[in-house]
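Chemist: pasting the sequence and the predicted coordinates here, then a few questions.
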Number of protein chains: 4
Amino acid sequence: MTHYANAKLQEEKVFKDPVHRYVHVRDQVIWDLVGTREFQRLRRIRQLGTTFLVFHGAEHSRFSHSLGVYEIVRRIVDDIFAGRSEWDENERLLVLCAALLHDLGHGPFSHAFENVFELDHEYYTRQILLGETEVNAVLKKVAADFPEKVSQVVEKTYPNKQVVSLISSQIDADRMDYLQRDAYFTGVSYGHFDMERILRVMRPRKNQVVIKATGMHAVEDYIMSRYQMYLQIYFHPVSRSAEVILNNILKRVKQLSLTGYTFKHEPTHFQAFFHNTITLEDYLALDESILFTYFQLWMQEEDAILSDLSRRFVNRKLFQYIDLDPGVELKKYQQLQELFRQAELNPDYYLVHDTTADLPYDFYRPGEEEVRVPIFLEMKNGELRELSRESIIVDSISGRMKRDHKIYFPLDFLEDPSTHAAIKKQILTLLRKDGK
Amino acid sequence: MTHYANAKLQEEKVFKDPVHRYVHVRDQVIWDLVGTREFQRLRRIRQLGTTFLVFHGAEHSRFSHSLGVYEIVRRIVDDIFAGRSEWDENERLLVLCAALLHDLGHGPFSHAFENVFELDHEYYTRQILLGETEVNAVLKKVAADFPEKVSQVVEKTYPNKQVVSLISSQIDADRMDYLQRDAYFTGVSYGHFDMERILRVMRPRKNQVVIKATGMHAVEDYIMSRYQMYLQIYFHPVSRSAEVILNNILKRVKQLSLTGYTFKHEPTHFQAFFHNTITLEDYLALDESILFTYFQLWMQEEDAILSDLSRRFVNRKLFQYIDLDPGVELKKYQQLQELFRQAELNPDYYLVHDTTADLPYDFYRPGEEEVRVPIFLEMKNGELRELSRESIIVDSISGRMKRDHKIYFPLDFLEDPSTHAAIKKQILTLLRKDGK
Amino acid sequence: MTHYANAKLQEEKVFKDPVHRYVHVRDQVIWDLVGTREFQRLRRIRQLGTTFLVFHGAEHSRFSHSLGVYEIVRRIVDDIFAGRSEWDENERLLVLCAALLHDLGHGPFSHAFENVFELDHEYYTRQILLGETEVNAVLKKVAADFPEKVSQVVEKTYPNKQVVSLISSQIDADRMDYLQRDAYFTGVSYGHFDMERILRVMRPRKNQVVIKATGMHAVEDYIMSRYQMYLQIYFHPVSRSAEVILNNILKRVKQLSLTGYTFKHEPTHFQAFFHNTITLEDYLALDESILFTYFQLWMQEEDAILSDLSRRFVNRKLFQYIDLDPGVELKKYQQLQELFRQAELNPDYYLVHDTTADLPYDFYRPGEEEVRVPIFLEMKNGELRELSRESIIVDSISGRMKRDHKIYFPLDFLEDPSTHAAIKKQILTLLRKDGK
Amino acid sequence: MTHYANAKLQEEKVFKDPVHRYVHVRDQVIWDLVGTREFQRLRRIRQLGTTFLVFHGAEHSRFSHSLGVYEIVRRIVDDIFAGRSEWDENERLLVLCAALLHDLGHGPFSHAFENVFELDHEYYTRQILLGETEVNAVLKKVAADFPEKVSQVVEKTYPNKQVVSLISSQIDADRMDYLQRDAYFTGVSYGHFDMERILRVMRPRKNQVVIKATGMHAVEDYIMSRYQMYLQIYFHPVSRSAEVILNNILKRVKQLSLTGYTFKHEPTHFQAFFHNTITLEDYLALDESILFTYFQLWMQEEDAILSDLSRRFVNRKLFQYIDLDPGVELKKYQQLQELFRQAELNPDYYLVHDTTADLPYDFYRPGEEEVRVPIFLEMKNGELRELSRESIIVDSISGRMKRDHKIYFPLDFLEDPSTHAAIKKQILTLLRKDGK
């Protein structure tokens, strides 16, 4: 470790934060990381993607979330863990950096973007940490192997799982920040839980972080907040409608490009993505400003599907939806596809099946493979018990997520009688009929 | 008035709003206006321009503010004014529409943009209300002269000043929303005042809105919130630094264009602004996504000033500042300009004088011409008294704004000894010396 | 109905309320009821009894809770129900009065008091409503049968169960107020739920009030708040310790009186309670001031048990506790009783079994007899479904309350070696040993 | 100093506090002090005396305020001052104890009580600290001279004024707690200021505590909160009405006692106060429960004035008021006194002059003698400037308190025509006539 690793700012700096009141920075390393262009780029990527089209307050960025995660971890290690025998102060800077940088590889509207172009933001986080970036330059000054270590923590491969747990487990700083932050900016009353109490009962143990049993009810409350936030915000059907359209815009533009369509306005930023020759620079050049600029340019494209979908997204003319599981009601779904084709509405873009199971969220699944570390309560006698064994409420929702299926479609098109009036009427009847 | 003017939604719609909890919509007209592309465009324009670079939570848009102003006016007219003899229910829809649409003409980073291109957002609000727009189409359905009336209310020329006052006076719905909203999103504790109390003591009077004297202290508190918000948020010197850079980017790109510079990437969206041939479509095509896209493209331009300033804005490498009034310390200022030239730093772009007096804010100025209608208290006996006559606190700050002068400059350049080291040393000495 | 029933105040009156911001009163009847001495008496009775000894903020009275319940009902009937076909405006004043007065019969520290003296506060509410009281005088002015009607609503015997439901059901104004109020004053973060949303989805139906299915998650959140508040606040073991002592003070003083003990200071206010000759005046003469005055006088009594217990309560020297179910561990319990006797500690007062099942709370029990009306969701198609059928979370906690058993005892006495040292050591060993 | 001075609890204890979230206790001494009967007694004395009769939420006690003051001081010394050269860690426990105990000598409804019986709560604080009390026993265990030192800090005679300042200055922990706490419990929106920011800019200096100039606006906001709280809450005319009645009850009972009146119920607790033979035990035996018990007993006394005033206070039938300064409108006042006598209403009890200047509050008076230490800002160059020199707002209100005069009287008596109808009519005419 170099001297730089321990360098402190002459005077503590603070960021005013609506969720945590203040984010405190004493370490020069943290301050320098915040100033890098790769970290500043997170200002141009919304934390909740398309959700702002439903909850208009949700315009906050990954930048503010990242600061928030850092601040929570800082409080845990400086106010709760410091001085305890099971905590190694040498891990402090590492976990602070990992907290700050854990979302660095996120692109604009990550979910749809990664889906269409088959990318993985975690891969890019690693690239940014280890590649020729300002972030890497700062981290290297700490120690030659420091970028790699930070990357391991973010990727959950770091040997000391106690450190990993703070960023990534069923009750990590990442979730604790986003639940509160998303609740604050959307304005919903869910998402509140007594974080201060939870922090106070967190205890470092070998290779893990546990919760003192006296804090169980605060943890239950946190799990319920999660449940409510997923159902009310993250799975909101109208926000999924915007997501569906966004997905289809990207799908369409990719397909057009691959099939030799001539764009009025060349999508320069996307070429590397179309042809899978993406460099780190290509990736970092993207943000939501760029995407919104293209969406607006594409509103003028000749391709009717691309221009229509772009207009829908930009001007918020979203799709309507009904509950329908194509797996279960296959025949009805096929019938609808056929009718859409007859009505000259390409069902690939205008009759979209979407399911919450595709969404990157879970409630609380203690038993399954490859999921986050479950929550362990430390009983008075030192014994550890997994939360859902102790809490009837948590048990009730553990892993029991109902998969929700919806079909999205453009109601305005279907209600426009100027073309294919009879077929559209048939479609509407079918859509309105209860499928069971 | 057509039937449409009174059309109600089958079921009330609500928007979840973090400041007012819910924004309630019953009128079909309001619902339709929110759905127009011109109104949706406000989602892509931040309420506080560059402030998010200092207060990271301030990423909220003019869209949410506009809904907020509407909601406050709706509460006033529906909950407080309804049924009172001095209130004409026929003005209801008009004032609701004006509240919702009063900021429609704002462009991206309005202040800098209007300054460099000599525009006026109020002019464009009028154009959008009266031109060929979706908004105009909705308003015309109410009555042929309705768009003109809405425009008059926004422009404060509408004959009934009571209606104008609700949107534009010293204690209007516009300010009441933005103070609370900006406080909420920045996270500062100023900006709170008891709006519910203020609304409860507002009374419609002929050609004006007055405040019952029993509410004076709530109004004082509101005025103090304003004062604190201006000093803490709106005049924040670091946010002004970003504003200075933004201004200079636009100034530079305009100058380059007019002097025949060949851009790597043609600034298509700006041509009409360079040549003053702006159509409504040109204007509406702009938003902050577009600007951020250009800023990122300009980072690659050959012109050193343009690329440097763009990089500074995008990556938040802002200018430093000192207090210095060129009017008072003319000689020192001229000396600095000369030294900057010697150091090959163009003082037009790198030694910038900025004063709060140029900012579009005032505290409370009851006496001056052309300012907003002052606040009148209605005493028990019916007499009206202007607020600053009654309140020693308000009197103390009325019109007494201290003009603040600062000089902004790139400290990193000056501290780089690789060129002109001696001159730069001289500059730094001069900058650090107290001028008096 | 007399003219008085519809009399409105010249100007609306408001009470500033920390939970609901303002409590609004327009009706003369309500205003007059608040001014009665029987209603004012509720200021001298804490809403949460002994809880303030654990959560020091919980010093709020039944007075503020009663205003809160009134305000919630007022919002429901005036903002949500008014104008709907299934709502009878003639029930409005009745339900407002019942809301305001539903707790009128509560005495000081009701639970312990009623337990020892075998009283029922609901009986006294009826007596106050129908007896010679200021409240009765106000109600009679509305209509001769109005006091009786109000009493019926409070007693849940009023024929129109829709009206009863607003005050007393699984999701009534009573609970909605106390959860929020108790959370506010204790300062815990539980107890928050989106009441505004719940009110917006309440619908009057024949003989009941239902919740539109779209509001299910807000209702789930409310049920979870209840669950958390019960576990964290209402069942708090230390607050139960204070309750146990209080109970024993009253039990002791009653026993002393009945066995001819001569008090230094005659407990005049209690005579009627000792001899079961209680008049309404006797009942109304009591409040928590009076009780606290007696407790302080009894600190000087010669009876060691009475003075000790009084001192404990006043100076907050409470009992310690362990988990122990006398039903299951009968032998150990009997052994402890015997040892207490040997140590000259009367086990009737110093070894107290307490179980939460004795407490007047339940989570949510839809199926059982004689409980509150369950919550029905109204689905889109008009069908009604009981909440726990729809919500896995609510189902998980419905009626599954774990009965919690504790034994309370004075640890300080047991640790005092000046008397019976050996026996006390034996007791402590037994208490510390895990019984299973 | 004994070992006890540094004894830490095995595990930190917390009190849930609605204002500061948690109050943290690590020191055994603090824990023991909270457990003393003299400190527990503060639970039975309301922080805001009669204010709960106007703002029903204001039922909080001096107990919770005292914990709050302690917590603020703890944060200052542990989070801000610790480790700074101008701070002496040896003063830590002293200032924490003084913070916790500074209000220990307050009696029930202090202001009226001290006024009538010519007492001084600061004298009694000293008695409790130094006399034979549980508090004294705890303090003595720290060091023999420790009780005396604590007493000096509370009395402001302690040599190190830096320590005194934390408890008692223009911006001390006492005021910072009560403004926020009183705002929280009354529910008003005033009383909020950014305490966290103020704490962060407090700096220990020789013999004083200063504020870094960068925090000036937070301090301005605090001063304005104070101003608003005084005008809206502490000077509320209806709360003063209750105070006037309370004062007169005590005055009456004292006079009756001194003139040999035979009470139905002997006021035992008051004898020492009537005859000025007060022992510490007499003083500590009083609290608001006791007073409320007497008020209820006195409602049955034969003396018409005593029973009437007691009934008024208990059942909240308060006096009305008009603005009238007896000094200025002497003649009118004398005329009213005479008419009251004629109407057989004793003007000593029923025509009461009250002025805010008698109240124990000031806004901000930097210059006057014997007032609290003013606030000094520390400029960048280290220079100190008194706040009102820097802040135009603070300057505007410094010492400019308008003395407010009111006359209180029983409107119900005057409107009762059954006796002296003509005279009463005359009185009412006079009262309603504007005196100028």
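Modeler: Thanks, I have the structure now. Residues are numbered from 1 along each chain as shown, chains lettered A, B, ... in the order given.
Chemist: mind listing the helices for the stretch 251-400 of chain A?
Modeler: Counting by DSSP state H, counting those that start in this stretch, the stretch 251-400 of chain A has helices at residues A:271-274, A:280-284, A:288-298, A:304-315, A:330-342, A:347-350, A:387-390, A:392-397.
Chemist: could you look over those and pick the most buried one?
Modeler: Mean neighbour count, computed with mean count of other Cβ atoms under 10 Å in any protein chain shown, is highest for helix A:288-298 among the helices of the stretch 251-400 of chain A, reaching a mean of 23. In this view, the C-beta of every residue, glycine as well, is placed from N, C-alpha and C.
Chemist: gap between that one and the chain center?
Modeler: 21 Å (Cα atoms, centre = their mean, to the nearest Å).
Chemist: now stretch A:251-268
Modeler: Distance of stretch A:251-268 from its chain centroid, counting by Cα atoms, centre = their mean, is 27 Å.
Chemist: contact partners of it?
Modeler: Residues from elsewhere that reach stretch A:251-268, judged by Cβ atoms under 8 Å, 6 or more residues apart in numbering or on different chains: A:116-117, A:270-271, A:273-274, A:294, A:297-298, A:300-303, A:305-306, A:309, A:348-349.
Chemist: ok, A:I223 to C:I393 distance?
Modeler: Per Cβ to Cβ, to the nearest Å, A:I223 is found 10 Å from C:I393.
Chemist: oh, that last question was meant for A:E148, not what I typed.
Modeler: 43 Å.
Chemist: repeat that for A:L250.
Modeler: 36 Å.
Chemist: is the strand ranked longest in chain A anywhere near chain B?
Modeler: Longest strand of chain A, by residue count under DSSP state E: strand A:8-17. Yes - residues of strand A:8-17 contacting chain B under Cβ under 8 Å from any Cβ of the partner chain: A:15-17.
Chemist: can you tell me which of these are buried?
Modeler: Buried members of the residues of strand A:8-17 next to chain B, counted by 16 or more other Cβ atoms under 10 Å in any protein chain shown: A:15-17.
Chemist: could you dump those residues to a markdown table with pLDDT and distance to C:K161?
Modeler: A markdown table is the format used below for those (pLDDT from 0 to 100; distance: Cβ to Cβ, whole Å):
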| residue | pLDDT | distance to C:K161 |
| --- | --- | --- |
| A:F15 | 96 | 55 |
| A:K16 | 95 | 52 |
| A:D17 | 97 | 49 |
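Chemist: chain D contacts on the stretch 51-200 of chain A?
Modeler: Counting by Cβ under 8 Å from any Cβ, the stretch 51-200 of chain A comes close to chain D at A:196, A:200.
Chemist: could you find the closest non-adjacent residue to the residue of the stretch 301-436 of chain A found nearest chain B?
Modeler: Closest approach between the stretch 301-436 of chain A and chain B, counting by Cβ to the nearest Cβ: A:N315, at 4.2 Å. Distances taken as Cβ to Cβ, 6 or more residues apart in numbering or on different chains put B:R37 closest to A:N315, at 4.2 Å, once the chain neighbours are dropped.
Chemist: so how far is C:E86 from that neighbour?
Modeler: Look at B:R37 and C:E86: by Cβ to Cβ, they are 41 Å apart.
Chemist: repeat for A:E86
Modeler: 62 Å.
Chemist: and A:E220, by the same measure?
Modeler: Taking Cβ to Cβ, one finds A:E220 at 37 Å from C:E86.
Chemist: of those two, which one has the most company?
Modeler: Between A:E220 and C:E86, A:E220 has the larger neighbour count (other Cβ atoms under 10 Å in any protein chain shown), namely 22 against 14.
Chemist: quick one, what contacts the more buried one?
Modeler: Residues counted as contacts of A:E220 (Cβ under 8 Å, 6+ apart) are A:391, A:393-394, C:228.
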